[in-house]
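Visitor: Mind looking at a prediction? Sequence and model below.
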Amino acid sequence: MKRIGALLVCFLFLLPASAMAAETIYESGANIIIHADSPWYIYDGQWTEGAQKTEKDEYGMLFMSTSEFSSVFNIPVHYNSEDKSIYVLHDGREIWQGLDTPVMFVDKLPYPNPAAYLSETGEVMIPLEPYASVFGYRGVFSTSEAYAPGQIEFTHPAKVYTIESIDVNKAMQMVTVFAKDGNGNIRPIRHFLCSTGAPLSLTPNGTFTAKPLTYGATVDPWYFFSLNNCWILYCTQLTGNICFHSVPFNGFGAATLSSSGYHAMGNPASHGCIRLLIEDAKYIWENCKDVPVTISDGFMDETLSMVKQNLQANRPSYADYVAELMKTY
């Protein structure tokens, strides 16, 4: 952990961080081998034992729990126990399916599909295919003498995205990053919880340009904001003293992360800036130089509400989050 050599009176003393822009995002391809009736899978050659084994139905279809699918494929899957539905929004594509219903809706269009179900242990089980293929994976099932139950091998080509814009929806307290893929399609690639200005210090509406800031000629991400007597990480200026930045710290170092600020994420709480979790503020600081940012009152959106619920449900406890931060900051 490195401490900067001076305290900042205000953000105007910061300089543009010109060396760290990277508007084009490269996501490497993936190769995943999942074994039938087993908790083991292989991700890019790395053997891992999952929390629950897969299950195979009478037709040979392979099913995996929603929690395991989310972990293996890095695609968040949300189960609503009230209406017994499965919902996924990832890479601009959407899946909705009712439990025990042999129809899935992909981008609101219905397709016949093996029904999701509850396992004997109470896990929600979804078919690996076509859930994975909706998001660009291609799977081939095979058996061998060495492993009679069989396995399915998924491959995914590398992807290239160019970040196009950022949207701040104050009604939802959500930030969405939009990017153009290799086919010219613009789609959301990141969703972040945020905290915009509280009622007495509203975040201004408008379209601005993201300017990642750093201290002097260095790329130290720490800043002391004397106006509010707090430290922050990863500041990206929009206009004047209005910036994207991390949840504030009451002192210097991860152990001082503001508990109230962390628990307020997803609700208005700032002095006008747009607060983000540290990893999300870092993403914008590193990847979004000169990207247009639109801040608006916004509106309540059902799809974005599901994304927000999933982000909130999967957020670690304050203590666990701080413990993880202390490994780096």
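Guide: Looks like it came in fine.

Visitor: For residue 261, which three-state class applies?
Guide: Using DSSP: H, G, I helix; E, B strand; the rest coil, the structure places residue 261 in helix.

Visitor: care to break the chain down by domain?
Guide: 11-24+161-325, 29-156 (automatic domain parsing).

Visitor: Using CSV, lay out those domains together with mean pLDDT.
Guide: Shown next, in CSV, are these (pLDDT from 0 to 100):
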stretch, mean pLDDT
domain 11-24+161-325, 87
domain 29-156, 91
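
Visitor: Can I get those domains in a markdown table including mean neighbour count?
Guide: All C-beta atoms are positioned from the backbone trio N, CA, C, and that covers glycine. A markdown table is the format used below for the domains of the chain (neighbours: other Cβ atoms under 10 Å):
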| stretch | mean neighbour count |
| --- | --- |
| domain 11-24+161-325 | 17 |
| domain 29-156 | 16 |
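
Visitor: quick one, phi/psi of the closest residue in space to residue 40 that isn't next to it in sequence?
Guide: Once flanking residues are discounted, residue 40 sits nearest to residue 49: 5.5 Å by Cβ to Cβ, 6 or more residues apart in numbering. With angles defined as degrees, to the nearest 10, residue 49 sits at phi -100, psi 120.

Visitor: Might one say that residue 102 is in contact with residue 112?
Guide: Yes - contact criterion Cβ atoms under 8 Å: residue 102 and residue 112 qualify, at 6.3 Å.

Visitor: could you measure residue 188 against residue 176, distance?
Guide: From residue 188 across to residue 176, the span is 5 Å (Cβ to Cβ, to the nearest Å).

Visitor: now swap in residue 119 and tell me
Guide: 34 Å.

Visitor: same deal with residue 269?
Guide: Applying Cβ to Cβ to residue 269 and residue 176 gives a distance of 19 Å.

Visitor: Look up which residues are beta-bridged to residue 56.
Guide: residue 62 (DSSP bridges).

Visitor: what residues are up against it?
Guide: 36, 37, 62, 63, 149, 150 (Cβ atoms under 8 Å, 6 or more residues apart in numbering).

Visitor: Same check on residue 41?
Guide: 32, 33, 34, 35, 47, 48, 50, 72.

Visitor: wouldn't the third one be in contact with residue 71 here?
Guide: Read that as residue 34. No - contact between residue 34 and residue 71 fails when scored by Cβ under 8 Å: they sit 11.9 Å apart.

Visitor: Between the two ends of stretch 269-287, how far is it?
Guide: 25 Å (Cα to Cα, to the nearest Å).

Visitor: How far off centre is it?
Guide: 13 Å (Cα atoms, centre = their mean, to the nearest Å).

Visitor: go on, stretch 185-193?
Guide: The answer for stretch 185-193 is 9 Å, by Cα atoms, centre = their mean.

Visitor: Provide the secondary structure category for residue 79.
Guide: With three-state DSSP as the criterion, residue 79 reads strand.

Visitor: which residues does it bridge with?
Guide: If you apply DSSP bridges, the partners that residue 79 bridges to are residue 86.

Visitor: ok, it to residue 186 distance?
Guide: 29 Å.

Visitor: next one: phi and psi at the closest residue to residue 119 other than its chain neighbours?
Guide: Excluding the flanking residues, the one nearest residue 119 by Cβ to Cβ, 6+ apart is residue 125, at 5.2 Å. The phi/psi pair for residue 125 (degrees, to the nearest 10) reads phi -110, psi 130.

Visitor: I'd say residue 125 and residue 67 touch.
Guide: No - judged on Cβ under 8 Å, residue 125 makes no contact with residue 67 at a distance of 10.4 Å.

Visitor: And the helices in the stretch 1-150 of the chain, which stretches?
Guide: 66-73, 128-134 (DSSP state H, counting those that start in this stretch).

Visitor: Make JSON lines from those and add distance to residue 252 to it.
Guide: Shown next, in JSON lines, are those (distance: least, Cβ to Cβ, whole Å):
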{"stretch": "helix 66-73", "distance to residue 252": "34"}
{"stretch": "helix 128-134", "distance to residue 252": "44"}
